[in-house]
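[1] I'd like to go over a predicted model; first the sequence, then the structure.
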Amino acid sequence: MSPTRRLTAAACQYAPSIGDLLGNRLLAELWIRRAAEAGAELIVLPELAASGYTFQSPEEAAACSEGRDGPTVSRWADLCRELDVHLVAGFAEADGDRRFNSAAVVGPAGLLGVYRKAHLFNDEKTFFEPGDSGFLVFDVGPCRLGVLICYDLWFPEAARVLTLRGAEVVAVPTNWVANFRSPAVDARGWTMGDYASVGVATQDQVFVVAADRIGSERGVDFVGCSCAVAPNGAMLAGPATVDEEQLLVVELNLEWVDRARQRTPRNHTLGDRRPELYLPLIDGQGVGNC
């Protein structure tokens, strides 16, 4: 009998500082080491953890952007090699004269790849180009890992593509903001990002590990509430608090994914799909019709 496939994951909730690349690099290292000491094998940092979020101009965004071989990703690779961990962390990626809101996936052997955020939120459209990487899945330890960034969670097609490509865990570096939600957090202490994470987990029977940031930056408030969700939609860890640093560590039993997808003896999440009926998603037919 094969051993149970398990992976210990961590979501790191803290506050990067806008424009402070060196300070953010040191802060990320602190959290990576803290998570590794707690037993994490997969560590998720917030969106744009390397740079901060609220750029004031394209020039500032450019100054805060680095290549995937730059000092931040290189340092992350050194840490993953030293600590024998995998990391998913957000950075502003420079590629020639283009910039992307990206997440590096790094392991003990170095950089595995970079996911570029497909769905840009609000002012991100001023500073970044829509991602062109497609939805990527990586072999990370015993699991298949997909990556989404923040607003991507609101597009079920994105998570379904990851699922069809074999993802069992979806890591979500995020910067959930309070400015467009009133109230930003409900009476039970959940923000809409937590509900979106539960939606993805229960629709696709994947684990979701979402690492948000806290604090305020140039009038933008972040809501924290990082979480880890099981393939049946149950909250495994979190939601974290709104305004405190927090490390969520959770063991993921990856065999749960296959069990959850066999919803009944006669129903399977992927086997019951009807792709022939989904063509309007591709060709746009019927858009706007009831």
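    Received the coordinates, thanks. Numbers count the residues shown, from 1 in each chain.

[2] quick one: the helices in the stretch 101-250 of the chain, in order.
    Secondary structure of the stretch 101-250 of the chain (DSSP state H, counting those that start in this stretch): helices located at 124-127, 156-164, 192-204.

[3] put together TSV for these, with mean pLDDT on each row.
    Formatted as TSV, the entries for the helices of the stretch 101-250 of the chain read as follows, by pLDDT from 0 to 100:
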stretch	mean pLDDT
helix 124-127	97
helix 156-164	97
helix 192-204	97
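
[4] and Y115, which of the ones you listed is closest to it?
    Proximity to Y115, assessed across the helices of the stretch 101-250 of the chain by Cβ to Cβ, is greatest for helix 156-164 (10.0 Å). For the C-beta atoms, the positions are set from N, CA and C on the backbone; glycine is no exception.

[5] helices and strands around the closest one, which ones?
    In terms of contact count using 3 or more Cβ pairs under 8 Å, 6 or more residues apart in numbering; DSSP states H and E, helix 156-164 is assigned the packing partners strand 143-147, helix 192-204.

[6] closest to P46 out of those?
    Taking Cβ to Cβ as the criterion, helix 192-204 is the member of those that comes nearest to P46, at 11.7 Å.

[7] show me where pLDDT drops low in this protein?
    Counting by pLDDT under 70, the chain contains low-confidence ranges at 1-3, 284-290.

[8] nearest the geometric middle of the protein, what residue?
    A centroid search over the chain (Cα atoms, centre = their mean) returns V172, at 1.2 Å, as the residue closest to the centre.

[9] any idea how far that one lies from A158?
    Remark: distance between V172 and A158 (Cβ to Cβ, to the nearest Å) = 11 Å.

[10] returning to what we had before: winner for burial among the helices of the stretch 101-250 of the chain?
    Between the helices of the stretch 101-250 of the chain, the one whose residues have the most neighbours on average, counting mean count of other Cβ atoms under 10 Å, is helix 192-204 (a mean of 22).

[11] grab the nearest non-local neighbour of the residue nearest to the centre of the chain.
    Closest residue to V172 apart from its sequence neighbours, by Cβ to Cβ, 6 or more residues apart in numbering: A210 at 4.0 Å.

[12] roughly how far apart are the one you found and T174?
    To T174, A210 is 6 Å away according to Cβ to Cβ.

[13] now do L27
    Relative to T174, L27 is positioned 17 Å away (criterion: Cβ to Cβ).

[14] of these two, who's got more company?
    Neighbours per residue (other Cβ atoms under 10 Å) separate L27 from T174, with T174 holding more: 30 against 19.

[15] and the closest residue to that one other than its chain neighbours, what does it touch?
    Leaving out its chain neighbours, the residue that sits closest to T174 by Cβ to Cβ, 6+ apart is C150, at 4.1 Å. If you count contacts by Cβ atoms under 8 Å, 6 or more residues apart in numbering, C150 has them with 47, 117, 121, 172-176, 193.

[16] output those in TSV; the columns should cover distance to L79.
    Putting the contacts of C150 into TSV (distance: Cβ to Cβ, whole Å) gives the following:
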residue	distance to L79
E47	19
K117	23
F121	29
V172	21
P173	16
T174	21
N175	22
W176	26
G193	27
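
[17] so A38 sits against L248, correct?
    No. The criterion here is Cβ atoms under 8 Å, and A38 misses it with L248 at 9.7 Å.

[18] for these two, list the residues in contact with both.
    Overlap of the contact sets of A38 and L248 (by Cβ under 8 Å, 6+ apart) consists of A10.

[19] ok, these two, which is more surrounded?
    In this comparison of A38 against L248, neighbours counted by other Cβ under 10 Å, the higher total goes to L248 at 24 against 13.

[20] re earlier: mind putting the helices and strands packed on helix 156-164 in a markdown table, distance to D95 included?
    As requested, these are arranged in a markdown table below (distance: least, Cβ to Cβ, whole Å):
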| stretch | distance to D95 |
| --- | --- |
| strand 143-147 | 17 |
| helix 192-204 | 28 |
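
[21] which one of those lies closest to L270?
    Of all the helices and strands packed on helix 156-164, helix 192-204 sits nearest to L270, with 9.0 Å by Cβ to Cβ.
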